[in-house]
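Chemist: Predicted structure and sequence below. I'll ask about it afterward.
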Amino acid sequence: MKKNFTKVLPIASLVFCSLNVFAAGGFTPLAYDTKSLSMGGVGIATSFGAQSALENPALMAFEDENELSLGVNYIEQPRSIGIGSNFTWWIGDNRISGLYDFNFNGDNKYKLSFSSNYKVVDNLHIGLALSNSELNARFTDPLELSYLYDLTLKRRRVILPVAYKIEDFACSISLIQEKQSWYGTIDDGGYNYSSIDYGYGLGLAYKLRNIGLTFGLNYKSAIHHTLTNNTGVGELNSAAEMGAGVEWMFLENNSIAVDYKRVYSSKIYKDYTDSFFVEDRYKDQNVFSIGYAYKNEKWSGRVGYSHISDIFTQSGIWMVGLTPYALKEYYTAGGSYNINKSFSLDMAFMYAKGNQTLVFPIGDAGFVYDINSKRKELSLSVNYSF
């Protein structure tokens, strides 16, 4: 009986902690569109045509042509928690070392996006953007214990932006509709939750054309989803974001962009009654992104880098390896090819990986385990200008 307990408790702990992290922590993608992803996630001050509707819609007002863009992302996100030679499990003075290997893996997924920019009059633009995100996590146990789960979180955003410019200044306001679906099985039980709620976005952009600088600001409000089921009662929120960016165009065909974004992750959960969903386990995140682009009439190339700070406070640090977006370092590359005056193609590739050793105390018991993780993403989009 005691032997089974020492096996089940780590699994149970990992499973329940994975649920709240998976459902909230870092579900916001690095970028919503192909061009931004290829430059490390920048896009607050960098114009990407119709795809700017997904990042900072104020930049749409500087475009001369109408455009439609359709994109698809292939996400490879295997996650593994290896409890092997460095594994130590203790209860009081009893210490056990084992070669356990619990796997926490996510299925490869596709993510679709659509964006449009339409010039109503010279200074007024409207758009429509759609972004889908999906995460899947499956916890398997080679010891063949019964405590397993398969969990999926889907998020769909529809954005309706309006952008207006006066000479070199532009502003935008957006209505955001978001649907979250969270479902899956845990051992013999199940979860099924869905909610549609609304938020808004604000954007500003200003160009200093004589020196090639563009400045941008944007804000996306939190979206509050009320959750009531057997896990507790409270708000499961999409975090608010505020960011600033600058782009410098130099030597005609070259540009460098830098963005800083603050993600208010500390407010993911509010008034939640389940002890695993507590506010003090999360803290606001800082996202720093930098990208370089070279562009000529036929093609363009881009590279980028992004660093994302921890989402967890000290009280929640042991959960950091369980969230699919907890990686800190992201490296990206990509480019565009103009087929003709109307059609163009974009491509982006992102790679990130990391490892660390974490300690999980449970009163006078606990365990230490090693985590190795990586994530890859490939994005393609086709654009039509008219």
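Modeler: Here it is on my side, so go on.

Chemist: quick one, helices of this protein?
Modeler: Along the chain, the segments classed as helices by DSSP state H run 2-23, 34-38.

Chemist: Going by mean pLDDT, which of those helices comes out lowest?
Modeler: If you rank the helices of the chain by mean pLDDT, helix 2-23 sits at the bottom with a mean of 42.

Chemist: Okay, and the beta partners of S115?
Modeler: Taking DSSP bridges, one finds S69, A129 as the beta-bridge partners of S115.

Chemist: Endpoint to endpoint, stretch 208-219 covers what distance?
Modeler: Between the opening and closing residues of stretch 208-219 lies a distance of 22 Å (C-alpha to C-alpha, to the nearest Å).

Chemist: and L175, what are its bridge partners?
Modeler: Partner residues in beta bridges with L175: L160, Y200, with DSSP bridges as the criterion.

Chemist: what about the stretch 51-200 of the chain, any weak spots by pLDDT?
Modeler: 77-108, 135-151, 184-191 (pLDDT under 70).

Chemist: Isn't S69 up against M60?
Modeler: No: contact between S69 and M60 fails when scored by C-beta atoms under 8 Å: they sit 11.6 Å apart. Bear in mind the C-beta positions are built from the backbone N, C-alpha and C, glycine included.

Chemist: which residues are common contacts for those two?
Modeler: Here S69 and M60 have A50 as joint contacts, going by C-beta atoms under 8 Å, 6 or more residues apart in numbering.

Chemist: These two - which one has more neighbours?
Modeler: Between S69 and M60, M60 has the larger neighbour count (other C-beta atoms under 10 Å), namely 32 against 27.

Chemist: Next up, the contacts around the more buried one.
Modeler: For M60, the contacting residues are 50, 52-53, 117, 125, 127, 161, 163, 172, taking C-beta under 8 Å, 6+ apart as the criterion.

Chemist: just curious, which of those is nearest to G301?
Modeler: S52 (19.4 Å; C-beta to C-beta).

Chemist: Is the closest one in contact with A129, as I believe?
Modeler: No: contact between S52 and A129 fails when scored by C-beta under 8 Å: they sit 9.2 Å apart.

Chemist: Of these two, give the one with the bigger neighbour count.
Modeler: Here S52 and A129 are compared on neighbour count by other C-beta under 10 Å; more neighbours surround S52, at 35 against 26.

Chemist: Okay, and the beta partners of K220?
Modeler: The partner list for K220 in beta bridges (DSSP bridges) reads G201, E241.

Chemist: ok, now which ones touch it?
Modeler: Going by C-beta under 8 Å, 6+ apart, K220 touches 176, 199-201, 240-242.

Chemist: And it, how close does it get to G199?
Modeler: Summarising the geometry, the distance separating K220 from G199, computed by C-beta to C-beta, to the nearest Å, is 7 Å.

Chemist: cool, and R209?
Modeler: With the distance defined as C-beta to C-beta, R209 ends up 33 Å from G199.

Chemist: Counting neighbours, go ahead and name the busier of those two.
Modeler: With other C-beta under 10 Å as the criterion, R209 and G199 differ in neighbour count, and G199 comes out ahead with 19 against 10.

Chemist: Let me see the contact set for the more buried one.
Modeler: Under the contact definition (C-beta under 8 Å, 6+ apart), the residues listed for G199 are 176, 178, 220-223, 238.

Chemist: Swap in 10 Å and give it another go.
Modeler: By C-beta atoms under 10 Å, 6 or more residues apart in numbering, G199 lies in contact with 157, 159, 174-178, 220-224, 237-238, 240.

Chemist: Now render the contacts of K220 as CSV, adding distance to E252.
Modeler: Putting the contacts of K220 into CSV (distance: C-beta to C-beta, whole Å) gives the following:
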residue, distance to E252
I176, 36
G199, 39
Y200, 37
G201, 32
A240, 38
E241, 33
M242, 33
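
Chemist: Neighbour-wise, which one of the residues you listed leads?
Modeler: Ranked by neighbour count under the definition other C-beta under 10 Å, the contacts of K220 are headed by G201 with 22 neighbours.

Chemist: That residue reaches G243, doesn't it?
Modeler: No: with contact defined as C-beta atoms under 10 Å, G201 and G243 do not form a contacting pair (11.0 Å).

Chemist: list residues touching both of those two?
Modeler: Overlap between the neighbourhoods of G201 and G243 consists of 55-56, 218-220, taking contacts as C-beta under 10 Å, 6+ apart.

Chemist: Now the buried members of those residues.
Modeler: Applying 16 or more other C-beta atoms under 10 Å to the shared contacts of G201 and G243, the neighbour count classes 55-56, 218, 220 as buried.
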